[in-house]
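Participant: Have a look at this prediction, sequence included:
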Amino acid sequence: MRQYYTQMEAARKGIQTPELKKVAEKEQMTPDELMPLVAEGKVVICANKNHTCLEPQGVGSMLRTKINVNLGISRDCKDHEVEMQKVMEAVRLGAHAIMDLSSHGDTAPFRRKLSAECPAMLGTVPVYDSVIHYQRDLDTLTAQDFIDVVRLHAQDGVDFVTLHCGITRKTIDQIKTHKRKMNIVSRGGSLVFAWMSMTGEENPFYEFFDEILEICREYDVTISLGDACRPGCLADASDVCQIEELVRLGELTKRAWARDVQVMVEGPGHMPLDQIAANMKIQQTLCGGAPFYVLGPLVTDIAPGYDHITAAIGGAVAAASGAAFLCYVTPAEHLALPNVEDVRQGIIASKIAAHAADLAKGVRGAQILDDQMAAARRSLDWEGQWACAIDPDTARRIRDERKPEHEDTCSMCGKFCAVRSMNKALAGEHIDIL
């Protein structure tokens, strides 16, 4: 008989769940080291009891930085098979989470297919699905309608849900008063804002937060507290709307923890490079060390087509400064629904950022592959280098396309190769250049 509802409750009772043991092994920790971090809310193990094929992961600033991939069908791109191709490619490349952001048609079959077949953590944004599920205009939906969709997603095996609980009626006045350049760029946040504006009612995800907590506790769904007021351009970074919402998210975090419900907190957004570290510290203070889940941050607004790079730059700084979870950004950001190649590039860029941050933080085992890569390069062991590479397919392809005359060199340096020359010199061998 299960003696707990959530991973947090189990940790607080001193119970080592199978998921906690697996995560501890992956992170090169003992279960006894990991358990208090889960009990305190500093690490979450997103593991809905109905997601039976899940390969559990831990999310926390002291663990390896995790990567999320956004997918899902839209009115303009309706092919479920293409989306599943993206899912499988994401899993192959090492993504830790998949967020299904579908916004068209019957979303339930795709979501249930994911929970039945996808080993990565599964996340959704229920407010997107509310209009689609009921096939009614936004202003005709009730607070109970929104809550019922949260329950539906929990029953379907979703491991974490993004809920925009932090904006309230007060936010409407703030947005009107402070004259942001980009207003609200969060899709879910804009829907909640629009619903409040049209109905005159309070945000249902805030007003009925306790009822939502009971649903999440029953199925062990982690709440990802969405940042509706995340900055959508550099000019809006760290403004009153963003910080005031973060204060409220900190309050909601503590209310969730009181019910043994796991919490992540979402963050920016677009942000100048020099503001990122301070924002991470503010979140840690206001939210009690709850894992921080960031989109980027994108460090410039003027690189459409290359926003996987702008996000990777910001993501590396954010994770090195305390963020735990990076939402990937693809070259298609701001432009289109990403295709399979966009997804691949977004994942690789995010993985590079995450790994760079883990090295900077001194995460256990983070430097093992770097040391192995150095040894393989020193011995000119190309197969050894592919085994250590974040993207071995691309590395192998580039070398194969530009084959050198001599196998112990590359086409850049040839026999001028410093590694080759040093190996021969230290071995007392003749160094032939010409």
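Facilitator: Cool, the structure landed. Numbers count the residues shown, from 1 in each chain.

Participant: how many neighbours does the nearest residue to residue 57 once chain neighbours are set aside have?
Facilitator: Using CB to CB, 6 or more residues apart in numbering and skipping the chain neighbours, the partner closest in space to residue 57 is residue 96 (4.8 Å). In this view, the C-beta of every residue, glycine as well, is placed from N, C-alpha and C. Here the number of neighbours of residue 96 (other CB atoms under 10 Å) works out to 24.

Participant: any idea how far residue 38 lies from residue 217?
Facilitator: Residue 38 sits 15 Å away from residue 217, taking CB to CB, to the nearest Å as the criterion.

Participant: which one of the two has more residues nearby?
Facilitator: Neighbour count, other CB under 10 Å: between residue 38 and residue 217, residue 38 has more, with 27 against 19.

Participant: any idea what sits nearest the more buried one, other than its immediate chain neighbours?
Facilitator: residue 11 (3.9 Å).

Participant: Give me the phi and psi angles of the one you found.
Facilitator: Torsion angles at residue 11 (phi, psi; degrees, to the nearest 10) stand at phi -60, psi -40.

Participant: Following element in sequence after the helix or strand harbouring residue 112, please.
Facilitator: Per DSSP states H and E: residue 112 is located in helix 108-117. Next in sequence after helix 108-117, counting helices and strands by DSSP H and E, comes strand 121-124.

Participant: Compute the number of surrounding residues for the closest residue in space to residue 370 that isn't next to it in sequence.
Facilitator: Spatially, and ignoring its direct neighbours in sequence, residue 370 is nearest to residue 359 (7.0 Å; CB to CB, 6+ apart). Neighbourhood size, residue 359 [other CB under 10 Å]: 14.

Participant: Likewise for the one 5 residues further on?
Facilitator: Neighbours of residue 364 under the rule other CB under 10 Å: 14.

Participant: That one reaches residue 26, doesn't it?
Facilitator: No. Residue 364 is beyond contact range of residue 26, at 10.3 Å (criterion: CB atoms under 8 Å).

Participant: Output the host helix or strand of residue 383 as CSV, restricted to C-alpha atoms.
Facilitator: In this structure, residue 383 sits in helix 382-388 according to DSSP H and E. C-alpha atoms of helix 382-388 as CSV (Å, rounded to 0.1, in the frame of the first residue of the first chain):
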residue,chain,number,x,y,z
TRP,A,382,38.7,10.2,-33.4
GLU,A,383,36.3,7.5,-32.3
GLY,A,384,37.0,8.4,-28.7
GLN,A,385,36.2,12.0,-29.5
TRP,A,386,32.8,11.1,-31.0
ALA,A,387,32.0,9.1,-27.9
CYS,A,388,32.4,12.3,-25.8
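
Participant: rewinding a little: from residue 270, how far off is the residue nearest to residue 38?
Facilitator: 36 Å.

Participant: swap in residue 406?
Facilitator: Taking CB to CB, one finds residue 406 at 48 Å from residue 270.

Participant: pLDDT weak spots in the chain?
Facilitator: Where the chain drops to pLDDT under 70, the residues are 1, 77-78.

Participant: did I read that right, residue 69 in a strand?
Facilitator: Yes. Judged by DSSP: H, G, I helix; E, B strand; the rest coil, residue 69 forms part of a strand.

Participant: Quick one: list the elements packing against the helix or strand following the helix holding residue 383.
Facilitator: Using DSSP H and E, the helix or strand that follows helix 382-388 in sequence is helix 392-401. Judged by 3 or more CB pairs under 8 Å, 6 or more residues apart in numbering; DSSP states H and E, helix 392-401 is in contact with helix 382-388.

Participant: Which secondary structure elements does the helix it packs on sit against?
Facilitator: By 3+ CB pairs under 8 Å, 6+ apart, helix 382-388 packs against helix 368-378, helix 392-401.

Participant: what's in contact with the last one?
Facilitator: Contacts with helix 392-401, where a contact means CB atoms under 8 Å, 6 or more residues apart in numbering, come from 348, 382, 385, 386, 389, 410.

Participant: of all those, which two lie farthest apart?
Facilitator: Spatially, the most separated pair among the contacts of helix 392-401 is 348 and 410, at 21.3 Å (CB to CB).
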